[in-house]
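Novice: Next comes the sequence, and after it the predicted model I'd like to discuss.
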Amino acid sequence: MKLKSELIKSRYLNRRQFLIGAGKTLLFLPPLASLLPREVFAEMIGTKTRIVTAIGVYGVNPKPRYPEDTIPMNQFMGADHTYYKKLSEMGKKISHMIDFNNPALAGLEAKMNLIRGLDIVAGTYVNGGHNFSILSGTLKGQYEPVYGASIDTIIENELGVRAIRMKTDPRNKKADGFSFYRRSPGGARQVSSLITGDEALFNKLFPSGSNSEPTDSGPTRDMLIVDKVLKDLNQLKNNKRISSSDLIKLEEYITSVHEVQKRMIANRMPASEQVTCNETSLDFQVSGGSSSVKSYEKLYENYGDLITLAMQCDRARIAHIANTASSDVDGNGNSFHHDGAPNENAQADKQMWFLHRIARLAQKLDAVQDPFDSDGKTLLDNSLVLWTNQLGSWSTSHSMCQIPAITFGSGGGNLRTGYFVDYRKRPFLTAKGWDHHTMGRPYKQLLISIMEAAGLSSNQYLKYGDGNGFGEWQPYWEKAKDPARTHHQMFNSEHNKPLPFLSMGV
């Protein structure tokens, strides 16, 4: 097949950056220094920060997330209300949700952060509904955000990098609106389309033909992609110019692609197990293929492998995951609601299931050396993975304070890692009459930290907001007699800056 010269120039594509096979299949490869022209490799190599935003519906109460308030903390002298402690100094079991004895969190102690005390500052701390603009640092409009854009779309559009976005349940729309964009400030909201299933994600990342959709037909349709490009692969292996280190890199990558696709085929829902209904007994209808999820846990395993492969060969630098699953068999999202569990720990277990799936993705990223990094860092070292929810509590108050935030990776050395960081005011200041409303710093500062780690400058992200900079900024509360109502005004000069301590150099 023919590749447009513009594509080769803009994406630095070289004949030895992909394999061509049956059914017009293209399999993109990680950079192989020994086969690429020196000037092309020089352009490709270097730190490329990857961003993953993983957001789940509803929220979780602070107590199961964080350690007790009585633990001693270090105060960061460079900013107000910034306290920290190394996770390694807090024992293995830090809270109900954060337990490093669990295999899902193993090895991540030094490469993650547990962050407390981040608030959406939008004139009220009791949300009337569920906030779908959490990744834009806003609240107004709730289900139909009025301001800004989510950070995944801002980074994608400002830097011109590729993003992949996926959801856990094809039939569920509870998490569909978290990723959105505006072509101009105040313009119409463009909701991002989400990939529904691991097979669809695989086809998007490893397309056949010149389009993003597969064009195979006949006997090549059910072949593994590695088998389709086997002839070209063998020719590449026998190339006299390929170095031994590049040969090892190639073998590891091809094996990963091969194993992922084999697992995906094995995990497909057999037709005999798919639920079908006639009109007279209709509750909900599931009709084959991507509408059926056999195992949410295995789906996340496949998502994790595919995201890792995409970032390994630079097929995407941004991934967005919208979650409604709370167990291997429950993907509808209702069990996250405040009437979906008997107590806060039982509900936290459901959010913890989602957290562990994202932690497994972080482990996968940490197991692969970044092919674009000459210092031998892993993909996780050059990534920043955010796990968060749309609300700060599980309670009926729908709190906008203490929004859950856990990060993995340093974003190419732009963030400190290995810490519990608490941004709440000391002594604690809690809004009267409301649980979980302990005042801290603006949540949008974390989003700014992520965007700057990705390479954005302030003039690129400040235009996405309510006119006061990035996100929304209304530092008062409608309850005039509450002493907490004016707390956030102290950040009037800081709310458009990255978080202190967490961001290096701030």
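Specialist: Alright, I've got the coordinates. Residues are numbered from 1 along each chain as shown.
Novice: drop to CA atoms for contacts and neighbour counts, all remaining ones
Specialist: Fine.
Novice: and Ala319, what does it touch?
Specialist: Residues near Ala319 by Cα atoms under 8 Å, 6 or more residues apart in numbering: 51-53, 152, 163-166, 307.
Novice: run the last query once more with 6 Å
Specialist: With contacts defined as Cα atoms under 6 Å, 6 or more residues apart in numbering, the neighbours of Ala319 are 52, 163-165.
Novice: now do Val52
Specialist: By Cα under 6 Å, 6+ apart, Val52 lies in contact with 318-320, 385.
Novice: Describe which strands the helix or strand hosting it pairs with in its sheet and in which direction.
Specialist: Under DSSP states H and E, the secondary-structure element containing Val52 is strand 50-56. For strand 50-56, the paired strands and their directions (DSSP bridges) read strand 318-323 (parallel), strand 383-389 (parallel).
Novice: Please parse the chain into its domains.
Specialist: According to automatic domain parsing, the chain is divided into the following domains: 1-45+207-275+283-292, 49-197+317-506.
Novice: May I see the strands paired with strand 50-56 organised as a markdown table, with mean pLDDT and distance to Leu108 added?
Specialist: Putting the strands paired with strand 50-56 into a markdown table (pLDDT from 0 to 100; distance: least, Cα to Cα, whole Å) gives the following:
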| stretch | mean pLDDT | distance to Leu108 |
| --- | --- | --- |
| strand 318-323 | 95 | 20 |
| strand 383-389 | 97 | 12 |
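Novice: And those: which comes nearest Tyr83?
Specialist: When the strands paired with strand 50-56 are ranked by distance to Tyr83, counting by Cα to Cα, first place goes to strand 383-389 at 20.1 Å.
Novice: okay, that closest one in CSV with CA atoms only?
Specialist: The C-alpha atoms that make up strand 383-389 are tabulated as CSV, following Å, rounded to 0.1, in the frame of the first residue of the first chain:
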residue,chain,number,x,y,z
SER,A,383,3.7,8.8,32.1
LEU,A,384,1.2,10.4,34.5
VAL,A,385,-1.8,8.3,35.4
LEU,A,386,-4.7,10.0,37.3
TRP,A,387,-7.3,8.0,39.1
THR,A,388,-10.2,10.1,40.3
ASN,A,389,-14.0,10.3,40.8
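Novice: after it, next one along is what?
Specialist: Once strand 383-389 ends, the next helix or strand along the chain (criterion: DSSP H and E) is strand 405-408.
Novice: pLDDT averaged over that next one, what's the number?
Specialist: Averaging pLDDT along strand 405-408 gives 98.
Novice: Which strands and helices lie in contact with that strand?
Specialist: The elements that strand 405-408 packs onto, with contact taken as 3 or more Cα pairs under 6 Å, 6 or more residues apart in numbering; DSSP states H and E, are strand 112-116, strand 383-389.
Novice: For this structure, which segments are assigned as helices?
Specialist: Taking DSSP state H as the test, the helices found in the chain are 5-11, 38-44, 62-65, 151-159, 198-205, 225-228, 230-237, 244-266, 296-312, 344-366, 444-454, 458-461.
Novice: Tell me where the model's unsure across the stretch 351-500 of the chain.
Specialist: Low-confidence segments of the stretch 351-500 of the chain, defined by pLDDT under 70, are located at 395-397, 432-437, 477-481.
Novice: returning to what we had before: mind listing which of the contacts of Ala319 are in strands?
Specialist: Assigned to strands by DSSP state E, the following of these qualify: 52, 163-165.
Novice: For these, which PyMOL command selects only the ones that are buried?
Specialist: Restricted to buried positions by 16 or more other Cα atoms under 10 Å, the PyMOL selection for the ones in strands among the contacts of Ala319 reads:
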select buried, resi 52+163+164+165
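Novice: From Ala484, how far out is Ile318?
Specialist: Note on Ile318: its distance to Ala484, by Cα to Cα, to the nearest Å, is 37 Å.
Novice: More neighbours: which of these two?
Specialist: Each of Ile318 and Ala484 had its neighbours counted (other Cα atoms under 10 Å), and the higher figure belongs to Ile318 (27 against 18).
Novice: so who does the more buried one touch?
Specialist: Taking Cα under 6 Å, 6+ apart as the test, what Ile318 contacts is 50-52, 163.
Novice: go with 7 Å
Specialist: Ile318 is in contact with 50-52, 152, 162-164, counting by Cα atoms under 7 Å, 6 or more residues apart in numbering.
Novice: Kindly report the same for Arg50.
Specialist: The neighbours of Arg50, taking Cα under 7 Å, 6+ apart as the test, are 317-318, 382-384, 454.
Novice: and if you look at Asn101?
Specialist: Contacts for Asn101 (Cα under 7 Å, 6+ apart) come out as Lys92.
Novice: Show me the contact partners of stretch 384-394.
Specialist: Stretch 384-394 is touched from outside by 50-62, 130-132, 134, 338, 355, 398-411, 436, with contacts defined as Cα under 7 Å, 6+ apart.
Novice: how does it look with 6 Å?
Specialist: Under the criterion Cα under 6 Å, 6+ apart, residues 51-61, 131, 134, 338, 399-411 lie in contact with stretch 384-394.
Novice: what's the first-to-last distance across it?
Specialist: End-to-end distance for stretch 384-394: 26 Å, by Cα to Cα.
Novice: about what we covered before: Asn172 is nearest to which of the strands paired with strand 50-56?
Specialist: If you check each of the strands paired with strand 50-56 against Asn172 by Cα to Cα, strand 318-323 wins as the nearest, at 9.6 Å.
Novice: Give me the distance from the closest one to the chain's centre.
Specialist: 5 Å (Cα atoms, centre = their mean, to the nearest Å).
Novice: Verify the contact between Ala316 and Gly160 for me.
Specialist: No. In this structure, Ala316 is not within contact of Gly160 by Cα atoms under 6 Å, at 10.8 Å.
Novice: More neighbours: which of these two?
Specialist: Applying other Cα under 10 Å to Ala316 and Gly160 shows that Ala316 carries more neighbours, namely 20 against 10.
Novice: contacting residues for that one?
Specialist: Counting by Cα under 6 Å, 6+ apart, Ala316 makes contact with 162-163, 310.
Novice: excluding its backbone neighbours, what's nearest it?
Specialist: The shortest distance from Ala316 to any residue other than its chain neighbours is 4.8 Å, reached at Arg162 (Cα to Cα, 6 or more residues apart in numbering).
Novice: likewise Val368?
Specialist: That would be Thr378: by Cα to Cα, 6+ apart, it lies 5.5 Å from Val368.
Novice: Just grab the bridge partners of the one you found for me.
Specialist: Beta bridges link Thr378 to Gln369 when assigned by DSSP bridges.
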